[in-house]
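[1] model the following, please.
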Amino acid sequence: MFARSAAKTLASPSSRLFSSSSARQTKVTVLGAGGGIGQPLSLLLKLDPLVSNLSLYDIRGAPGVAADVSHVDTSSEVTGYAAEHLDAALEGTKVVVIPAGVPRKPGMTRDDLFNTNASIVRDLAAAIGRVAPTAHILVISNPVNSTVPIVAATLEKAGVFDPARLFGVTTLDVVRASRFLASVSDSSPSECNVPVIGGHSGPTIVPLLSQLSRGKRLQGEDYDKLVYRIQFGGDEVVKAKDGAGSATLSMAYAGAKFTGLLLRGLSGEKGVITPTFVKSPLFADRGIDFFSSPVELGVNGVEKIHPIGPLSPQEEKLLEACLPELKKNIEKGKAFVA
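    Alright, predicted model coming up:
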């Protein structure tokens, strides 16, 4: 039904998290640097040799995080900005990473976060459009299926939307799929590079296990359990933290990993391919204009959106369950801005 994907060329889980220091360096801004994701994310980005300047912003705590992170013995310069200095934090930035927002608590879905996080993301997007309209924007704030369309619609209103520069970070789904498949197949995550398509919540997460030999061997209850764990892995963390937060550390790792991949593409490295939630033509005929699939990253941001490749009958069913839910999420984001 679908064309063959370039999944075998996806950035491996064992790939270096960061790039060669010989490539061009870049200013990166983190919006929400004082939070549970923002703090470890800022630390990880401080380690990336492609980051020359790290700009940390939050409504509270960012100057302290910046002072702390700035002591790490890598070359990048770190500056912290308080609430009233958002424009200064964004000036001259090439990449903006947005983990700002409230975390999930037990019993909450990502969609429950919408009313609070939607307005936060909209306001940050408006500032980016005004101060750094050519920046590449990486959205971590949940629900990603809705917040990415919010950013797009906000930038469209400002007349500066470039679909090649907007990304929803779905890397945690890829990280979980690789780790969880490795644990049930007695192998290394580096051998379990699972493409994950669709969106970034529950049934919109579609792992393409059949595109790996180890994943293809799973059948019946074992397959169903693994798919469920990949789709709802965040619930494990929320429950285990017992009201104290959500998946902050693994999300920070995934966010830094995707940022590193983008920086490699922006620096001119060829063949950097990873799933990410972008404006996409793959299911436009179904009224779905944002979709996560393997994307080639390059000097312009999105260089090529790859087809998703062949699907098993189980994956066909997962995709059919994903699409109407994803469409609803996307429309909710658009309606918020409208």
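[2] show me this protein divided up by domain.
    24-168, 171-255+270-337 (automatic domain parsing).
[3] so Gln211 sits right up against Pro310, yeah?
    Yes. Using Cβ atoms under 8 Å, Gln211 is in contact with Pro310, at 7.4 Å. Where you see a C-beta, it was placed from the backbone N, CA and C, and this is true even at glycine.
[4] of those two, which one has the most company?
    Gln211 (22 against 15; other Cβ atoms under 10 Å).
[5] would Val302 count as being in a strand?
    Yes. Assigned with DSSP: H, G, I helix; E, B strand; the rest coil, Val302 falls within a strand.
[6] which residues are in contact with it?
    Pro163, Ala164, Arg165, Phe167, Val278, Val295, Glu296 (Cβ atoms under 8 Å, 6 or more residues apart in numbering).
[7] and it, bridged to which residues?
    Beta-bridge pairing of Val302 under DSSP bridges involves Leu297.
[8] now swap in Thr79 and tell me
    Counting by DSSP bridges, the residues bridging with Thr79 are Ser55.
[9] now do it, the pLDDT please.
    The score at Thr79 is 98. That number is its pLDDT.
[10] kindly report the same for Lys105.
    pLDDT, read off for Lys105, is 70.
[11] one more: Ile330?
    98.
[12] how about Asp87, secondary structure?
    helix.
[13] hang on, it packs against Ala127?
    Yes. Contact criterion Cβ under 8 Å: Asp87 and Ala127 qualify, at 6.6 Å.
[14] tell me which of those two has more neighbours.
    Taking neighbours as other Cβ under 10 Å, Asp87 and Ala127 compare with Ala127 leading, 18 against 13.
[15] contacts only, for the more buried one.
    Leu86, Asp87, Leu90.
[16] buried residues in the helix or strand harbouring it, which are they?
    Ala127 belongs to helix 114-131 when elements are defined using DSSP states H and E. If you call a residue buried by 16 or more other Cβ atoms under 10 Å, then helix 114-131 has these buried ones: 114, 117-118, 120-122, 124-129, 131.
[17] include distance to Ser185 when you put these into JSON lines, please.
    Formatted as JSON lines, the buried residues of helix 114-131 follow (distance: Cβ to Cβ, whole Å):
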{"residue": "Phe114", "distance to Ser185": "36"}
{"residue": "Asn117", "distance to Ser185": "36"}
{"residue": "Ala118", "distance to Ser185": "39"}
{"residue": "Ile120", "distance to Ser185": "40"}
{"residue": "Val121", "distance to Ser185": "37"}
{"residue": "Arg122", "distance to Ser185": "42"}
{"residue": "Leu124", "distance to Ser185": "40"}
{"residue": "Ala125", "distance to Ser185": "41"}
{"residue": "Ala126", "distance to Ser185": "46"}
{"residue": "Ala127", "distance to Ser185": "45"}
{"residue": "Ile128", "distance to Ser185": "42"}
{"residue": "Gly129", "distance to Ser185": "45"}
{"residue": "Val131", "distance to Ser185": "47"}
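[18] I am finished for the moment; much appreciated.
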